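> predicted model follows, preceded by the sequence.
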Amino acid sequence: MIERRFRQTSGFDVSAEVLWTWHQRPGALERLVPPWERTRIVERSDDMAPGSRTTLEVGLGPFKRLWVAEHRATEEPFTFRDVQVSGPFAAWSHTHRIEAGASGSSLLTDDVCYAVPFGRLGALVAGGIVRGKLESMFRYRHDVLRSDLARHQRLQPSPVMKVLISGSSGFVGSALSAFLASGGHEVWSLVRKRGNESVPERSVAWDAETYAIESRDLEGFDAVVHLAGENIAGKRWSAEQKRKIKDSRVDGTRALSEALAKCTDKPRVLVSASAVGWYGNRGDERVTELSEPGQGFLPEVCRAWEAATGAAEATGIRVVYMRTGVVLSPAGGALKKMLLPFKLGGGGVIGDGKQWMSWIALDDLVGAYHFALTNERLAGPVNAVAPSAVRNYEFTKTLGKVLKRPTIVPLPAFAARAAFGEMADDLLLGGQHVRPMVLENAGFHFDYPTLEGALRHVLGRERERAA
C-alpha cells in the first residue's frame, strides 16, 4: 500500500473558538460537500464524540459505494480526526486542526493521509486524478467556509432565529437549511403529508393536495421561507402542466400566508420565492424592481404568486419576494441539465444567442435569502441575480472555457420550439437584463459577481492565474 499525503491550510477572520463551534453544528458537513460530487449523507451522529460515525453514499463513475468514517480522539485542542472504516480508499485518515492566529483570527489545516486501491498500479493510474479531486474539494470547502463565516459575522450581533422552510429538500432549500443551521439557527421543514404519513422531527405538515395547514403548528417561528412549487421547466407546458405550475405556487402561497395571518405569535418575516419571469421577455431593456411586469404565462404566474402573500402582509408581517434568475449549481436547475451536452462537446448558443440571461451562484442566492431574513429594511420585490447579466452567447462561451470544451453545436430557435413548445420562448429564447438594485443599495456583498468566477466555483475548476 502506497500512502500519500495532502495538506491545505487557510486563514479565517474569526477566532479559533468560532471556527471550532461552526464545525460542531448541524449543516456543517452539508455545506462542505462539493455540489459537483455525487455524494449523499446517509447517516451520521448528532455529535463528533470519539467512536461516532458518518456514512456517505459516493458516486464512482457509474457506480455508488458507501463510505463509513469514524471520529477518533485526539489530544490536541480544536482538533478532530476522521478515519475510513470502509469505503473507496485503501486507507484514509483526515485530521482537521484549528489553531489561533494573530489578532483574533484562526488557521484551519486539513491534513489527509490516504492510499488508493490496487497498490502501485492504482497509484499509477488514479493517483493524479485523486490528487486533483482533493485539491478541488478542499479549495471549495475553504472558500465556502470563509464565505459562510463572513456572512454570519457581518450581521453580528444577530439573534438566533427559529426558521420554517418549505421546499427544504430541493437544491436551493437544502443549501439554505444547511447554511442557517451551521450558523446556529434552528431550522424546521414544512413538508407535504398524505393521509396518516408520519411527520419527521423538526417538521410541520401541510396537506399534499389542498395545502391545508393548521395555524397552531406555525406559532412561534421567527421567520418563514417559502420555496415549494412545481418545477417550471420539469415538463413540456401542456394546459394541465401550466395549471399545476400556477396552482402549486399560488394556492400553496395563499394557504401558507392565510395560516400565518391567523397566528397569535406571528413570524417577523416571510421570504417567498418568485422569479425574474415576472418581467417577461424584455429584449435589451434593463429592468429593476421598479419596472412594470411583462406579458405572458410566466409574468401572469409571478404576479399571482406574489399577490398570494397578501394576507400575511396585511397583518404586519414583513414580506419579501425573491425574484430569482438562473441559479448556478451542478446540483440542480438549468446548469445541471446543460453540463452533460457541454462536457461531451455538444454545447452551443440557443437561438441567435443574443437573449439576456440573469443568473446567480447558489451560494450568493443562499446569502441573499439570509440577508432578506435579517435585514429589516428589505420588503417587497428583491431581484436575486448577480450584477453582471450576460447574453446567451457569452454564457455559452464562458461555460465552454471553464469546462475546456468546444461550443460549436447551436440549438436553432425552430428546434428549441419543436422540442420544448411554448416553454422554449419563455425560458430559452427570451430573456431579461435584470439589475439587483435593492440588494446593491442595501449593501449586499456578492461573493461571485462574475460569471466565470461563479462557474469555476460551483464546478470545482481552478481559477485562472493572472498573467
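Looks like it arrived, so ask away. Numbers count the residues shown, from 1 in each chain.

> the helix ranked longest in the chain packs against which elements?
The residue-count maximum for a helix in the chain (DSSP state H) belongs to helix 119-154. Using 3 or more CB pairs under 8 Å, 6 or more residues apart in numbering; DSSP states H and E as the contact test, the elements touching helix 119-154 are strand 4-12, helix 16-24, helix 28-32, strand 106-115, helix 171-182, helix 362-374. The way it works is simple: take the backbone N, C-alpha and C, and place the C-beta from them, glycine included.

> just checking: what are the partner strands of the fourth one?
Yep, that's strand 106-115 we're talking about. strand 4-12 (antiparallel), strand 91-100 (antiparallel) (DSSP bridges).

> thinking again about what came up before, now the helices and strands packed on helix 119-154 as a markdown table including mean pLDDT?
Below are those laid out as a markdown table (pLDDT from 0 to 100):
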| stretch | mean pLDDT |
| --- | --- |
| strand 4-12 | 96 |
| helix 16-24 | 95 |
| helix 28-32 | 96 |
| strand 106-115 | 97 |
| helix 171-182 | 96 |
| helix 362-374 | 97 |
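
> V409: what's it in contact with?
P341, G345, G346, G347, G348 (CB atoms under 8 Å, 6 or more residues apart in numbering).

> who wins for neighbours among these?
In terms of neighbour count, G347 stands highest of the contacts of V409 at 24 neighbours, by other CB atoms under 10 Å.

> hang on, that one in a helix?
No. Read with DSSP: H, G, I helix; E, B strand; the rest coil, G347 is coil and lies in no helix.

> so what's it closest to, chain neighbours aside?
Leaving aside its chain neighbours, G347 sits nearest to T407 (4.7 Å; criterion: CB to CB, 6 or more residues apart in numbering).

> a helix runs through the one you found, doesn't it?
No. With three-state DSSP as the criterion, T407 is coil rather than part of a helix.

> neighbours of it, how many?
T407: 20 neighbours (other CB under 10 Å).

> returning to what we had before: including mean neighbour count and distance to S86, could the helices and strands packed on helix 119-154 go into a markdown table?
Shown next, in a markdown table, are those (neighbours: other CB atoms under 10 Å; distance: least, CB to CB, whole Å):
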| stretch | mean neighbour count | distance to S86 |
| --- | --- | --- |
| strand 4-12 | 15 | 20 |
| helix 16-24 | 17 | 23 |
| helix 28-32 | 18 | 18 |
| strand 106-115 | 18 | 14 |
| helix 171-182 | 23 | 25 |
| helix 362-374 | 25 | 31 |
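
> one step back: give the next helix or strand downstream of the longest helix of the chain.
Note on helix 119-154: by DSSP states H and E, the next helix or strand toward the C-terminus is strand 162-166.

> I'd like the distance between K397 and W359.
Taking CB to CB, to the nearest Å as the measure, K397 falls 14 Å from W359.

> who's more crowded, these two?
For K397 versus W359, the count of surrounding residues by other CB under 10 Å is larger for W359: 27 against 19.

> list the contacts of the more buried one.
G325, V326, V327, L328, V385, A386, A389, V390, F395, L451, A454.

> burial count for the residue lying closest to it once chain neighbours are set aside?
Spatial nearest neighbour of W359, chain neighbours left out: V326 (4.2 Å); criterion: CB to CB, 6+ apart. Look at V326: counted by other CB under 10 Å, it has 20 neighbours.

> V326 touches I360, doesn't it?
Yes. Counting by CB atoms under 8 Å, V326 does reach I360; the two are 7.4 Å apart.

> mind listing the helices for this structure?
Going by DSSP H, the chain shows helices at 16-24, 28-32, 119-154, 171-182, 239-261, 297-307, 310-314, 333-343, 362-374, 392-403, 413-420, 422-423, 437-441, 451-459.
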